[in-house]
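sequence unavailable; structure follows:
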């Protein structure tokens with residue numbers, strides 16, 4: 001079990017908080033008594049979410065943050081400290097997709113996805129972890145994906161690679177931060193009703209994924225509640241499709257057999 005965090009009175013900072021899972025998590029944290037620093041590249045969306053929270057009786061403010069800029073993270077952290085005096089939780093939630101056949105994806109597709117999905121967490125770590133470590137408590141939530149656990153999405157290879165990296169990063173981070181009083185949660189949703197399609201770049205013709213799991217598509221609000229509950233319960237892995245556990249067990253038991261079976265499903 002990772003270290004739980006009481007959200008009542010805590011200060012939570014959420015990237016990509018203007019829509020989708022980020023918005024849902026910001027609202028879920030607020031419903032549990034947290035004060036929220038909402039950030040998004042689209043300031044109007046962040047302002048709207050902060051207004052929702054304050055209209056419901058909570059405390060929140062909004063900041064425009066470009067997660068490719070470490071200076072934006074630092075300015076946002078300082079704004080949260082000025083406003084609330086502390087930061088207890090950072091949720092790294094920004095994610096984008098590049099679609100295309102593996103042999104057709106240019107460097108720019110890889111660079112954009114890795115910069116936003118993975119390197120943004122490295123920047124966040126440098127800005128926020130010293131604060132959490134100094135105070136000896138806190139929590140980090142990293143939004144990965146079921147695609148970071150099961151590599152079925154060959155039509156979105158940079159996304160799969162980035163989310164696998166986020167899962168591994170989060171696990172290693174939990175080993176480092178746990179003994180120091182800071183918890184880590186890795187959020188791995190399957191299908192979620194969000195506006196991520198706005199962030200999709202398509203390169204050439206896109207073939208369908210070989211075998212996307214038959215998992216239910218859930219509302220973003222459900223995922224937000226799952227993330228908030230995991231923080232308060234001290235859970236590391238959060239899934240929206242519990243059936244993934246069985247597939248992960250089969251894969252771990254015999255990776256060769258598992259992969260050959262998946263390949264056979266696609267053989268004409």
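Good, I have the coordinates. Remember, predicted model here, so these are calculated numbers, not experimental data.

if I've got this straight, residue 186 is in a helix?
No: read with DSSP: H, G, I helix; E, B strand; the rest coil, residue 186 is strand and lies in no helix.

is it true that it touches residue 235?
No: contact between residue 186 and residue 235 fails when scored by C-beta atoms under 8 Å: they sit 9.4 Å apart. All C-beta atoms are positioned from the backbone trio N, CA, C, and that covers glycine.

who's more crowded, the two?
Here residue 186 and residue 235 are compared on neighbour count by other C-beta atoms under 10 Å; more neighbours surround residue 186, at 27 against 18.

next one: the more buried one relative to residue 138, how far apart?
16 Å (C-beta to C-beta, to the nearest Å).

flag every buried residue along the helix or strand containing residue 132.
Residue 132 belongs to helix 120-135 when assigned by DSSP states H and E. For helix 120-135, the neighbour count (16 or more other C-beta atoms under 10 Å) marks 120-121, 123-125, 127-129, 131-132 as buried.

now do stretch 39-47
Judged by neighbour count using 16+ other C-beta under 10 Å, the buried positions of stretch 39-47 are 39-41, 45-47.

could you do stretch 26-36 as well?
Residues of stretch 26-36 classed as buried by neighbour count (16+ other C-beta under 10 Å): 26-32, 34-36.

which of the residues you listed fall in helices?
With DSSP state H as the criterion, helices contain 26-31 from among those.

between the residues you listed, which sits nearest residue 253?
Nearest to residue 253 among these: residue 28, at 34.9 Å, using C-beta to C-beta.

show me the contacts for that closest one.
In this structure, residue 28 makes contact with 221, 224-225, 227-228, judged by C-beta atoms under 8 Å, 6 or more residues apart in numbering.

any idea which of those has the most stuff around it?
Neighbour counts for those peak at residue 228, which has 28 neighbours (criterion: other C-beta under 10 Å).

who are the packing partners of whichever strand or helix holds it?
Counting by DSSP H and E, the element that carries residue 228 is helix 220-233. Applying 3 or more C-beta pairs under 8 Å, 6 or more residues apart in numbering; DSSP states H and E, we find helix 220-233 packed against helix 20-31, strand 138-143, strand 182-188, strand 192-193, strand 237-239.

mind doing that once more with 6 Å?
Counting by 3 or more C-beta pairs under 6 Å, 6 or more residues apart in numbering; DSSP states H and E, the packing neighbours recorded for helix 220-233 are helix 20-31, strand 182-188, strand 192-193.

show me how far it is from its chain's centre.
The gap between where helix 220-233 is centred and where its chain is centred comes out at 12 Å by C-alpha atoms, centre = their mean, to the nearest Å.

show residues contacting it.
Outside helix 220-233, the residues that touch it by C-beta atoms under 6 Å, 6 or more residues apart in numbering are 4-5, 7, 20-21, 24-25, 28-29, 32, 139, 141, 185, 187, 189, 192-194, 238.

relative to residue 14, how far out is residue 34?
Taking C-beta to C-beta as the criterion, residue 34 is separated from residue 14 by 10 Å.

I should have written residue 132 there, sorry.
Residue 132 sits 15 Å away from residue 14, taking C-beta to C-beta as the criterion.

re the thing from before, farthest pair in the buried residues of stretch 39-47?
41 and 47 (12.7 Å).

now do the strands in the chain.
Taking DSSP state E, the strands of the chain run over residues 11-14, 35-40, 60-64, 89-92, 97-99, 138-143, 182-188, 192-193, 200-202, 218-219, 237-239.
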